[in-house]
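**Q** Quick one: sequence and predicted model below, then my questions.
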Amino acid sequence: MNIIVVEDLDFGLNHLDANGSAVPNLLSMIDGLLSYDNYVLFVTATNISDIPDEFKRSGRFDYIKHIQPPTPSIVEEYFKWFYSVDIETTSDDNLNTLTVSKLAKEFARIVPDGMHICEIQKHLRRFRLNPKKAVWTLIESTE
């Protein structure tokens, strides 16, 4: 089986060339690839309403699954996982498993309702080596 992954299709469609020729070309390419056996198209989007209906017809998108934003417990676990490697590689002597666990609990508490995992990941990546700053800046941005 061959899997084709298109991430953030809505973002890509919103940033196409001005003459709009990319949409028909992309549709034609998708139809061509999917005409072969053993091909699956997997697409992600933040706002499905930004994707034109001609993409969502049967034969192109047979299934559409909405993934809910993560619960606070998932956010907490994700934070701990995200920073687990840094506990051993950081020069911050105050960063340990207990500290990261406390920061994770606080981070999960302050993440705004409806914030998707991709937005959380983007925020954490900005502060890859500083989990404390990841929490502080989120606190500042939600006040």
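**A** Arrived safely, thanks for sending.

**Q** The residue nearest the centre of the chain: what's its closest spatial neighbour, skipping adjacent residues?
**A** Residue closest to the mean C-alpha point of the chain, counted by C-alpha atoms, centre = their mean, is Cys118 at 2.5 Å. Among residues not flanking Cys118 along the chain, Thr46 sits closest, at 6.9 Å (C-beta to C-beta, 6 or more residues apart in numbering). Where you see a C-beta, it was placed from the backbone N, CA and C, and this is true even at glycine.

**Q** ok so, going back, element containing the residue nearest to the centre of the chain?
**A** helix 117-126 (DSSP states H and E).

**Q** So which residues make contact with that helix?
**A** Residues outside helix 117-126 that contact it (C-beta atoms under 8 Å, 6 or more residues apart in numbering): 46, 69-70, 74-75, 78-79, 82-83, 111, 131, 134, 137-138.
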